[in-house]
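**Student:** What would the 3D arrangement of this be:
(chains A and B)
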Amino acid sequence: GENVEQHPSTLSVQEGDSAVIKCTYSDSASNYFPWYKQELGKRPQLIIDIRSNVGEKKDQRIAVTLNKTAKHFSLHITETQPEDSAVYFCAARRWGTALIFGKGTTLSVSS
Amino acid sequence: ETGVTQTPRHLVMGMTNKKSLKCEQHLGHNAMYWYKQSAKKPLELMFVYNFKEQTENNSVPSRFSPECPNSSHLFLHLHTLQPEDSALYLCASSQDGTGGEETQYFGPGTRLLVL
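**Tutor:** Just a heads-up that it's a prediction; the model follows:
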């Protein structure tokens, strides 16, 4: 089955800096890669996703890149703000199966 | 955020108790999931139901028993749990297999403490 590795487990940045979180997956048939943000005491919420037929997707300060050959994808957050502080999870799945999540990255943005 | 609801939100139970967690989705989805979230294994998939049929059981101990009476409701029946089962139990739903949106939406979770 699918296995997703996520790095780093913790990330501390200064407000205004960029943050990058990287994930690798094992199942070459996986075709959907979402990123979730989970604030303390709240449910995970989708922030951006990418499908295997696209190499990059951007939504304001957030972008995701996908390298199918290397089987890795990354989340990029630019101009970080304190409210970006949360746990971020990457995930991967093939059609018709459940999402398999990475272990999460705790992002801390200090002002 | 009322698309996926879960009750109760908090639960304390002894090891000999029997309790049930309930999840309801109001999004018209056809797939529902149970995840366990703990410090050691964040977002660990437990069960998957597609069109009310269980399609995945990720080696979950038999003291956890899922039930999906229809595509809108999902239960997790608990009995003779262990303290290490204390965690946040998250329900999720998605629309699968029809070319529709495949994003999984999560409920708020049930915080379970086993004494």
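**Student:** CA only for contacts and neighbour counts going forward, please
**Tutor:** OK.
**Student:** Flag every residue of chain B that's near chain A.
**Tutor:** B:33, B:41-45, B:48, B:96-97, B:103-109 (C-alpha under 8 Å from any C-alpha of the partner chain).
**Student:** So which of those residues sit within strands?
**Tutor:** Counted as lying in strands by DSSP state E, out of the residues of chain B next to chain A, are B:33, B:44-45, B:48, B:105-106.
**Student:** Which residues lie in contact with A:Ile50 in this structure?
**Tutor:** By C-alpha atoms under 8 Å, 6 or more residues apart in numbering or on different chains, the contact list for A:Ile50 reads A:32-34, A:56-57, A:64-66.
**Student:** per-residue confidence at whichever residue of chain A sits closest to chain B?
**Tutor:** Taking C-alpha to the nearest C-alpha as the measure, chain A has A:Arg43 as its residue closest to chain B, at 5.0 Å. Note for A:Arg43: predicted pLDDT of 95.
**Student:** One more: B:Gln37?
**Tutor:** 95.
**Student:** residues in contact with it?
**Tutor:** Contacts of B:Gln37 (C-alpha under 8 Å, 6+ apart): B:43-44, B:87-90.
**Student:** What residue, apart from its backbone neighbours, is nearest it spatially?
**Tutor:** Spatial nearest neighbour of B:Gln37, excluding adjacent residues (C-alpha to C-alpha, 6 or more residues apart in numbering or on different chains): B:Leu43 at 4.6 Å.
**Student:** For that neighbour, list the residues it contacts.
**Tutor:** A:101, A:103, B:35-37.
**Student:** ok so, going back, could the contacts of B:Gln37 go into CSV alongside pLDDT?
**Tutor:** Shown next, in CSV, are those (pLDDT from 0 to 100):
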residue, pLDDT
B:Leu43, 91
B:Glu44, 92
B:Ala87, 96
B:Leu88, 97
B:Tyr89, 98
B:Leu90, 97
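**Student:** ChimeraX command to pick out the buried ones of the residues you listed?
**Tutor:** Buried residues within the contacts of B:Gln37, by 16 or more other C-alpha atoms under 10 Å in any protein chain shown, are selected in ChimeraX with:
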select /B:43,44,87,88,89,90
